[in-house]
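# fold the following, please.
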Amino acid sequence: MLKTKEYDQRNDRVAALLQNTIQQLGPELAANPQMAEILNRMVDDQLRKFDESQNGKGLPTDGGLADLIGLGKDSSKDLGDAQVSGGVIDYDDSVTSDRLLATADLYYLYVHERLGVFRVMNKLQELFRAGTLRISSGEGAYGLYRFDKHNILRYHQRDRMQAYRRVFGYTAVDPGSGARPNPQFHGLFTHFIGEVAKYWRDKRVSEVVRERSNDPTFGSMAIVRRAGLDLRNNVKNASYGYVNVLRVETSQALAECFKVLDAPDLKAQFGADNAWEMIELVLWQYFHESVHASTMNRMAVSGREILRWLAEPYVLQKSRTDFETLLYRIAEYSEEWLSSTEGMQMNRPTPPPRQVYMQGPPPSGMRRDAVVGRSNGVMPAPIIMG
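Have a look, this model is predicted:
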């Protein structure tokens, strides 16, 4: 542990070193602005190495308190000789990634639940039990049976909805006894995505208008970092409990759903080519809903990748070059998430291209066309030509 005098002198020496270096470089520093970043990074690296080498050395058992207050024959004669601490580990360095990764997968599952994947499976099971679906022993029939039995052991819909409410603030269900919703998540999430997209838009503009190619790009790293840390801290405090096991279990259920929906005998019942068309057709035929299937799927993928990025220490990078290189991983995902959200707000989804049977009586004032002509038991009379 450093003495107070040495600790203060170290800061003064660093300041003098930077000032002397700037004066010596002079025109070279003005011609190459990136040298300023390199210079500061080299100084910070040297200080970090020195602090690591001094960590734990010469640390008394009482933390230096006896030396400070004058107990003992070797106590300090001056305040500058008292030992001082350089600080503790940063708050943002202590975040573990497992809960953030679980939250990323949970967001992916929420969007697909909102899309209606599990509602489609429940409807198909209902039709299967009623004998409405003309399947009996195929891959789809066996898959529906096994999915029904597996659901007995899985978390139910209410448990999933409570998790979405507690972690993201989504849905309107009660989060459960002793739990509380997280309404701040969506605002922080959209703010971070917007700042990432804005950073890269500014970067593209700066690459066109700046005078020299080696000039620093536009965009504030601090704003993006602060938005990311705020979102990460919010998610960290809302992702305890059964979220981790829930996302593992529900991800298995989602994969099983698509395996069943892609069964040939089930697809033949609806004239679908793949599992996604099955979802669209069942929702349109039995729920009269047309969904943005493609858009919501891309939102789920983009949102999951963005939250996964926050689970790693990328946001703490201080070098602009390193920060931009790592931030590039989610640049296009952020733009895609924003454009997907705007697209869903601007237009309505297109329903499936084929007409499907609608249960119930025909609408008032309309007559449903007969599918097969029915005989009344009387031979048709010959046509009389008059």
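# hey, let's count contacts and neighbours off CA atoms from now on
Will do.
# residues in contact with S334?
For S334, the contact set (Cα atoms under 8 Å, 6 or more residues apart in numbering) comprises 193-194, 196-197, 302, 306.
# ranges for the helices of the stretch 201-350 of the chain?
With DSSP state H, counting those that start in this stretch, the ranges of helices along the stretch 201-350 of the chain come out as 221-238, 243-261, 264-270, 275-286, 293-310, 320-327, 331-346.
# re earlier: using CSV, lay out the contacts of S334 together with neighbour count, distance to G271 and pLDDT.
Shown next, in CSV, are the contacts of S334 (neighbours: other Cα atoms under 10 Å; distance: Cα to Cα, whole Å; pLDDT from 0 to 100):
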residue, neighbour count, distance to G271, pLDDT
I193, 24, 39, 97
G194, 17, 41, 95
V196, 27, 42, 95
A197, 22, 40, 94
S302, 23, 30, 97
I306, 22, 36, 97
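# and these, which is closest to Q125?
Of all the contacts of S334, Q125 sits closest to S302, with 30.9 Å by Cα to Cα.
# measure that closest one to Y110 for me?
Separation of S302 from Y110 (Cα to Cα, to the nearest Å): 13 Å.
# M278 now?
Applying Cα to Cα, the value for M278 to Y110 is 19 Å.
# and Q184, by the same measure?
Note on Q184: its distance to Y110, by Cα to Cα, is 17 Å.
# with S294 instead?
According to Cα to Cα, S294 and Y110 sit 15 Å apart.
# neighbour count for the two, which is higher?
Between S294 and Y110, counted using other Cα atoms under 10 Å, the more crowded position is Y110 (21 against 12).
# can you confirm the more buried one is in a strand?
No: if the criterion is DSSP: H, G, I helix; E, B strand; the rest coil, then Y110 is helix and not within a strand.
# what sits closest to it if chain neighbours are left out?
Once flanking residues are discounted, Y110 sits nearest to Y164: 6.9 Å by Cα to Cα, 6 or more residues apart in numbering.
# contacting residues around stretch 107-117?
By Cα under 8 Å, 6+ apart, the list of residues contacting stretch 107-117 from outside reads 164, 247, 250-251, 254, 257, 279, 283, 291-293, 296-297, 299-301, 303-304.
# drop anything exposed from those residues.
Neighbour-count burial (16 or more other Cα atoms under 10 Å) is assigned, among those, to 164, 247, 250-251, 257, 279, 283, 291-293, 296-297, 299-301, 303-304.
# great, nothing more from me.
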